[in-house]
Structure formats: structure tokens, C-alpha cells
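A.B. asks: My questions are about this predicted structure, shown below with the sequence.
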Amino acid sequence: MISLSFSELLIIIEKLALAAALGALIGLERDSKGRAAGLRTQILVSLGSALLMILSIHIVDITIYNSLPEALRTDPGRIAAQIITGIGFLGAGAIIKSGINVRGLTTASCIWVSSGVGMTCGMGYYEIAAIATTFAVFSLIFLNYFERYYSKDSWRELVVEVEYSEDIIDEVIKAVKEKDVLIHYCQYTKDFNTKTIRIILSIKLHEKGIVDKQSHRIIQNLESKITGLKKISWLQKKD
């Protein structure tokens, strides 16, 4: 059994507490956005990384204390490398792909950062951990507002259900293109019983700030140009 002095135990508690607190800051932002990997997940990732990093350091101390040959001494970077690999799998589990849309990349990145913060706390570099957390939280919260001031692309699927006619697909595509958007592909399903057709268009919107403004204009144009509309809906997956 390995015994620790009271001062050593306090240092370990300090490292674990700070790792949990900094992970919680990142987790709170994710929780406020309704993400699955929220407060508890980020705390546990950061806390676990700090714990394994502390263990990695103490394993080296033990091998030196027991005067083992250099060939048998442990590299402290080995456990750290395995933490990074393990977090990669955890982050991959947070990423969801649906069609051409990908959701969860930001959350996976947060898990990655939380592990790094925990490892840094485990090494005892508290200032670096605090600075990294500050940058991470700043990026998640404040840069979200900055995105409103520059134009960006957004891929969405427009679903239109309308009464079938010979040229209805061309009419729908023409009405959508009038709003200066790029149509990536078109697919449709015709219902012979109800004499309706369901048209799905994959569209790239390019708008400054909130792209919903452009999507609303497209809907208004369809309502004014297309007769026999039954249903219009937008589908989008976003992180």
C-alpha cells in the first residue's frame, strides 16, 4: 500500500477539484444548448483525465523510489497518450451524421478540450488549465454572437407536398431558385391515390446572420407562385 503525506493529499484534491470545476464551466454551456454531453459528462471527462494524469506521474515516482532499472521505468506520457485515444472514441460517439448533415462536432470538441483541461490540472499547471478553459468558454458563448455578422452557408432540405401536375416539379424548382439559392439535388415521391407529389430539395442557403430569413422568403415565394400546396417544411441538423 502506498501512503501519501497530508500535504500531498491536499495537492491531489486541489487538482481534482479544479479539473472538475473547469470541466463544469464547459459543461454548463453545452447544457444550456440542450446537448447530450453536458454538465455531468464534461465534469467526469475532465475529472477522469486529471485522475489518470496524477496516476501517471505517481507511477513514475514509484519506479524511481524503488530504484528500478531505467529499462523498467514508466514513461509518464504513456497514460496521457491512452487518454487522448480514449477521448477520441468518446467524441466520435457524440457525432451524428444524418444525410449530408453532421451534428455533434462542437460537443465532441468540448469533450476533447475537457480532457486536455483535466490532464493539465493533473500535471499541476493550473494557470494553463484556467486560460484554456477561458478561451474555450469564450469561443462557445461569445463567438456564437459574432457569427451573426458575417455571411455563411447552410445546407437544408426543403420538403414540398403539392397536388400533382405535369410541370409541377419544374415550377417548384424555378420558384425556389428565384431567391438565389443553390439546389444540390432533387428527389420526389408521387402518391397515385391522393394525386399528390412530395418533392425534396437539398438547398444551400447563404445568408448573413440568421439564415431563417432567406428560408422564409422562399416559403412566401412558393405560396404566391404554386397552386395546390399541401405542406411545406424545412429539415436541418445543426451542432
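C.D. replies: Alright, I've got the coordinates. On a predicted model such as this, the values are computed, not experimentally measured, just so you know.
A.B. asks: Paired strands for the strand or helix carrying Trp234, with orientation please.
C.D. replies: Assessed by DSSP states H and E, Trp234 sits inside strand 229-235. Strand 229-235 pairs in its sheet with strand 151-163 (antiparallel), by DSSP bridges.
A.B. asks: quick check, distance from the partner strand to the centre of its chain.
C.D. replies: The chain centroid and the centroid of strand 151-163 are separated by 22 Å, computed with CA atoms, centre = their mean, to the nearest Å.
A.B. asks: Run a quick neighbour tally on Ile219.
C.D. replies: Number of residues near Ile219 (other CB atoms under 10 Å) recorded here: 17. Using the backbone N, CA and C atoms, a C-beta is placed for each residue, glycine as well.
A.B. asks: Surely it and Leu229 touch.
C.D. replies: No - assessed by CB atoms under 8 Å, Ile219 is found out of contact with Leu229, at 9.7 Å.
A.B. asks: all strands of the protein, in order?
C.D. replies: 96-98, 101-103, 151-163, 182-191, 196-208, 229-235 (DSSP state E).
A.B. asks: pLDDT on the second one, on average?
C.D. replies: It refers to strand 101-103. For strand 101-103, mean pLDDT rounds to 58.
A.B. asks: Quick check: chain neighbours aside, which residue is closest to Leu182?
C.D. replies: Lys204 (4.3 Å; CB to CB, 6 or more residues apart in numbering).
A.B. asks: Any idea what that neighbour is bridged to?
C.D. replies: The partner residues for Lys204, given DSSP bridges, come to Trp155, Leu182.
A.B. asks: any idea how far the residue nearest to the spatial centre of the chain is from His206?
C.D. replies: Centroid check for the chain by CA atoms, centre = their mean gives Thr106 as the closest residue, at 2.3 Å. As judged by CB to CB, to the nearest Å, Thr106 and His206 stand 21 Å apart.
A.B. asks: now do Val117
C.D. replies: From Val117 to His206 the distance is 36 Å (CB to CB).
A.B. asks: could you measure Leu16 against Arg30, distance?
C.D. replies: Relative to Arg30, and taking CB to CB, Leu16 is found at 21 Å.
A.B. asks: Which of these two has more residues huddled nearby?
C.D. replies: Arg30 (22 against 19).
A.B. asks: May I have the distance across stretch 136-155, first residue to last?
C.D. replies: 26 Å (CA to CA, to the nearest Å).
A.B. asks: An error on my part: the question was meant for stretch 186-204.
C.D. replies: In stretch 186-204, first residue to last residue: 13 Å (CA to CA).
A.B. asks: From Glu8, how far off is Glu14?
C.D. replies: Distance of Glu14 to Glu8, given as CB to CB: 11 Å.
A.B. asks: nope, Ala130 is what I was after
C.D. replies: From Ala130 over to Glu8 the distance is 22 Å, taken as CB to CB.
A.B. asks: Equivalent analysis for Leu16, please.
C.D. replies: Using CB to CB, Leu16 is found at 13 Å from Glu8.
A.B. asks: quick check: domain ranges of the chain?
C.D. replies: Using automatic domain parsing, the domain parsing of the chain gives 6-148, 151-235.
A.B. asks: mean pLDDT lowest for which of the ones you listed?
C.D. replies: Among the domains of the chain, domain 6-148 scores lowest, at a mean of 74.
A.B. asks: all helices of the protein, in order?
C.D. replies: 6-32, 39-65, 77-94, 105-123, 126-146, 168-177, 212-225 (DSSP state H).
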